[in-house]
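[1] sharing a sequence plus its predicted fold:
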Amino acid sequence: PLKPARDISLLDPACGTMHFGLVAFDLYVEMYREELHHAGEPGWPAESSVPEDDAIPGAIIANNLHGIDIDLRAVQLAALALYLKAKTLNPRAAIQNSNLACADVSLINGARLDDFLKEMAFNRPVYGRVIRALWGRMKDSGKVGSLLRLEADILEIVAAEREAARRERRRLIGFRDDAHFADVPEAEQGFWDLLDAQIVQAFDEFARRRAEQGDDAGFFAGEAIKGLKVLDLMVNRYDVVVTNPPYLDSRDYNPGLKRFVEAAYPDNKRNLYSAFLERGLEVL
């Protein structure tokens, strides 16, 4: 059976103002319409992804198109471009959000991180430790954007916490009332298998709450708070990855970029576009 149109995901990991997304938008429109026409027939989804043609523009922005860039203004312009594209197709289209994010988390300062930890009211200290460690890994996101492998970073941090808990548990046999030991009880080992997903969900939930409270609210200005959403976009996998990657020869790298690319992409370090091709295949 064909995959439902709403589930066919596309990412531009260096989206700029989302030119490729605008072309993909037109293709998605035809896919949704074809599905509307054939739903229920042999080989097609039993139900269409949208109830009617007018719902297609909002569904594409909500479900299909994803973009990351290090430039906040570019991301805001991309959101505007998609908004106008959707409204051109259906002026009454309900456009509430987009799956675009600015990778520069320096826009979200330490005070906001403290607000995040306080507002989410995590019931175990391990959440705060993992989030602060992950935040440290994201400090270069404004320079290298989607080249960061945050999905690997969060798994590594969680694994380190899990091992620390195991060592603590072994050391404290017979002293089970210790606060550190009680952080993650032995009976809850499934906790570790879900921790990475819970961290991503917490970032996404915080961004949603702040937007609802008026902090960076609005379809375009809200892209700033959604720097938090970049984690969610980076840990996912996509059916289609398209981009016009940045081109920069290694001799023109600044020292920080040079260290990062040589360490993270040793086989594709000679030009930045090559590193982006490797990264694109990883998230495909």
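    In hand now; what should we look at?

[2] for the stretch 1-150 of the chain, which segments count as strands?
    With DSSP state E, counting those that start in this stretch as the criterion, the stretch 1-150 of the chain has strands at 10-12, 65-69, 99-102.

[3] export the ones you listed to TSV and tack on distance to Leu134, mean pLDDT and mean neighbour count?
    Every C-beta, even on glycine, is put in place using the N, C-alpha and C of the backbone. Shown next, in TSV, are the strands of the stretch 1-150 of the chain (distance: least, CB to CB, whole Å; pLDDT from 0 to 100; neighbours: other CB atoms under 10 Å):
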stretch	distance to Leu134	mean pLDDT	mean neighbour count
strand 10-12	21	97	24
strand 65-69	17	95	26
strand 99-102	15	89	27
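
[4] now do the contacts for the residue most central in space within the chain.
    Centroid check for the chain by CA atoms, centre = their mean gives Leu233 as the closest residue, at 1.7 Å. Contacts of Leu233 were listed using CB atoms under 8 Å, 6 or more residues apart in numbering, and they are 11, 66, 68, 99, 101, 146.

[5] repeat that with 10 Å
    11, 13, 66-68, 99-101, 103, 146, 150, 200, 204, 226, 283 (CB atoms under 10 Å, 6 or more residues apart in numbering).

[6] follow-up on the earlier one: turn the strands of the stretch 1-150 of the chain into a markdown table, columns for distance to Phe20.
    Below are the strands of the stretch 1-150 of the chain laid out as a markdown table (distance: least, CB to CB, whole Å):
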| stretch | distance to Phe20 |
| --- | --- |
| strand 10-12 | 5 |
| strand 65-69 | 9 |
| strand 99-102 | 13 |
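
[7] relative to Ser250, which of those is closest?
    strand 65-69 (21.9 Å; CB to CB).

[8] what packs against the closest one?
    Applying 3 or more CB pairs under 10 Å, 6 or more residues apart in numbering; DSSP states H and E, we find strand 65-69 packed against strand 10-12, helix 19-38, helix 72-89, strand 99-102, helix 230-235.

[9] spell out which strands sit alongside it in the sheet and which way each one runs.
    Applying DSSP bridges to the sheet, strand 65-69 is found paired with strand 10-12 (parallel), strand 99-102 (parallel).

[10] export only the CA atoms of the longest one, formatted as PDB.
    When you say that, I think you mean strand 99-102. Taking C-alpha atoms only, strand 99-102 is exported to PDB below (Å, rounded to 0.1, in the frame of the first residue of the first chain):
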ATOM      1  CA  ASN A  99       8.200  22.700  11.100                       C
ATOM      2  CA  LEU A 100      11.000  25.200  10.700                       C
ATOM      3  CA  ALA A 101      13.600  25.900  13.300                       C
ATOM      4  CA  CYS A 102      16.600  28.200  13.700                       C
END
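
[11] mind checking how far Met138 is from Ile131?
    10 Å (CB to CB, to the nearest Å).

[12] just Ala81 next, same as before
    Taking CB to CB, one finds Ala81 at 33 Å from Ile131.

[13] try Asp204
    For Asp204 relative to Ile131 (CB to CB), the value is 13 Å.

[14] higher neighbour count, the two?
    Ile131 (20 against 16; other CB atoms under 10 Å).

[15] isn't the more buried one up against Lys118?
    No. Ile131 lies out of contact with Lys118 (CB atoms under 10 Å); the separation is 11.9 Å.
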